[in-house]
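Trainee: next come a sequence and a model predicted from it.
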Amino acid sequence: MKTTSVLLTLALTTTWGSLSRGAESAAPAAPATPATPALPAASAPDNDSAAGLWKQIITVYFIHPATREEAAKQEKMSTAERYQKARDLCQELIRRFPASPERWDAELESIDLRKVAGQMKLDAFSLAEAGEAYTKLLGNPALPDEKRKNVLVRKLMQDLYQGRDNPDAIPKFTAALAEGMDRYGVLPFQGLLRASATMPGYVPAFLASGNAKLREAAENYRYTAEFAQLRKDAKTDPEKALGRLKELAKLPTPEVAKTAQSLVNEIEMAAKVKSTPLELAFTAVDGHEIDLSKMRGKVVLVDFWATWCGPCMAEVPHVVEVYQKQHDAGFEIVGISLDKEGDLDKLKQVTKAKGMVWPQHFDGKGWDGTYPQQFGIRAIPAMWLVNKKGLVVDMDAREGLEEKVAKLLAE
């Protein structure tokens, strides 16, 4: 994941009913996002407390609007306007409530706002300057220890990506990470471990560290780079990749074995759906009975998505456009929603507002839903194209969707 903060990643991509997790939304290790409550009537924002201003930064403007009026307002805001609004609110909070706990959250998010804006050419603020700002904030003796942990994680993530092409940066980063784990435990640094595991030299350095916590934590990431390569190899030589993955699935490290077995299941499932007609049968949200076997002779897009997934929602206008152009020629779409229990009304609202007239499967179980589990869906959006014979011919249909559909319809 890029070095943007959680807030900023959300802030710059979110619209009502969507939540960005980057280029795609991955299945979480922690419990899934709780159901979003229905949007209440409008109420005046609280500008008279630090908590009220912070709520505006987090809830109203960026992560999920509190009212329908705010949802409509947010959708009309450009990225530059969101950035400026967030920055203004953070600065107001810092200025008016310097003794509040939220002041430190605003200080941290201000750095990230400027960093992301700098990367987007909305502000003249370099990554080096962001690093200096993190260091300055960490050096503030008034920074509470519970907030210091968050700043340290952001600072280390910044250091990791700035030094990713510099082997000489690894020892310093390893020492800082070990010190952080000694002070705050392993859990806050799991994201750093996952990110560093994809970069050459880091995991070996962790495993050779004199810090027992870091060594133990790094053990789960010993094979991360190999897993990434095996996933690529599976596209050209699945049998070879499967052989190695089955070996890794027998290792005594639980997380490694679990990941390997998951990839085995994923590769085997991909082979199955490409050689055997895909089976899907369910009662859709609108009450219609859906059976993929009765759609033979048509081209079908099976779209795994969710209203909280920013990248999914970003794809919707294009998918709707392709559907409208190609539906009469024999193109169908079947949606598989990964929304959670309690989000059915939101699902109906979003699909209606966006013109998603095709059937939707919803069981309220999120990542643990029937079809995500059956088909090993690990990230969304996931778009599968099914040909007229019912075979999955493309498991990554996002790129060039219109052209791919037209080609399959012509077969």
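Mentor: Nice, thanks for sending it over. Residues are numbered from 1 along each chain as shown.
Trainee: quick one: average pLDDT of whichever helix in the chain runs longest?
Mentor: Criterion DSSP state H: the longest helix present in the chain is helix 254-275. Across helix 254-275, the average pLDDT comes to 85.
Trainee: what strands flank the next helix or strand after it, and is each parallel or antiparallel?
Mentor: Remark: after helix 254-275, the chain's next helix or strand is strand 281-283, criterion DSSP states H and E. Counting by DSSP bridges, the strands paired with strand 281-283 are strand 289-291 (antiparallel).
Trainee: how far is the strand it pairs with from where the chain is centred?
Mentor: How far strand 289-291 lies from its chain's middle: 30 Å, per C-alpha atoms, centre = their mean, to the nearest Å.
Trainee: thought residue 361 was touching residue 286, still the case?
Mentor: No: between residue 286 and residue 361 there is no contact under C-beta atoms under 8 Å: 11.0 Å. (Each C-beta comes from the backbone N, C-alpha and C, glycine too.)
Trainee: could you pull out the strands for the protein?
Mentor: According to DSSP state E, the chain carries its strands in the segments 25-26, 281-283, 289-291, 299-305, 331-337, 360-361, 379-380, 382-386, 392-394.
Trainee: looking at residue 286 and residue 361, which is more packed in?
Mentor: A side-by-side neighbour count of residue 286 and residue 361, using other C-beta atoms under 10 Å, places residue 361 first with 21 against 12.
Trainee: that one and residue 285, how far apart?
Mentor: Per C-beta to C-beta, to the nearest Å, residue 361 is found 8 Å from residue 285.
Trainee: list residues touching both of those two?
Mentor: The contact sets of residue 361 and residue 285 overlap at residue 337 (C-beta atoms under 8 Å, 6 or more residues apart in numbering).
Trainee: what's the neighbour count on residue 338?
Mentor: What residue 338 shows, counting by other C-beta under 10 Å, is a neighbour count of 31.
Trainee: nope, residue 164 is what I was after
Mentor: Residue 164: 18 surrounding residues under other C-beta under 10 Å.
Trainee: with residue 339 instead?
Mentor: Residue 339, neighbours per other C-beta under 10 Å, totals 27.
Trainee: quick one, phi psi at it?
Mentor: Residue 339 adopts backbone torsions of phi -70, psi 160, taken as degrees, to the nearest 10.
Trainee: quick check: it vs residue 224, distance?
Mentor: In terms of C-beta to C-beta, residue 339 sits 30 Å off from residue 224.
Trainee: with residue 48 instead?
Mentor: Residue 48 is 48 Å from residue 224, where distance means C-beta to C-beta.
Trainee: let's have the strands of the chain in CSV, adding distance to residue 107.
Mentor: Below are the strands of the chain laid out as CSV (distance: least, C-beta to C-beta, whole Å):
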stretch, distance to residue 107
strand 25-26, 28
strand 281-283, 49
strand 289-291, 51
strand 299-305, 36
strand 331-337, 38
strand 360-361, 42
strand 379-380, 33
strand 382-386, 38
strand 392-394, 46
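Trainee: fine, thanks again, bye for now.
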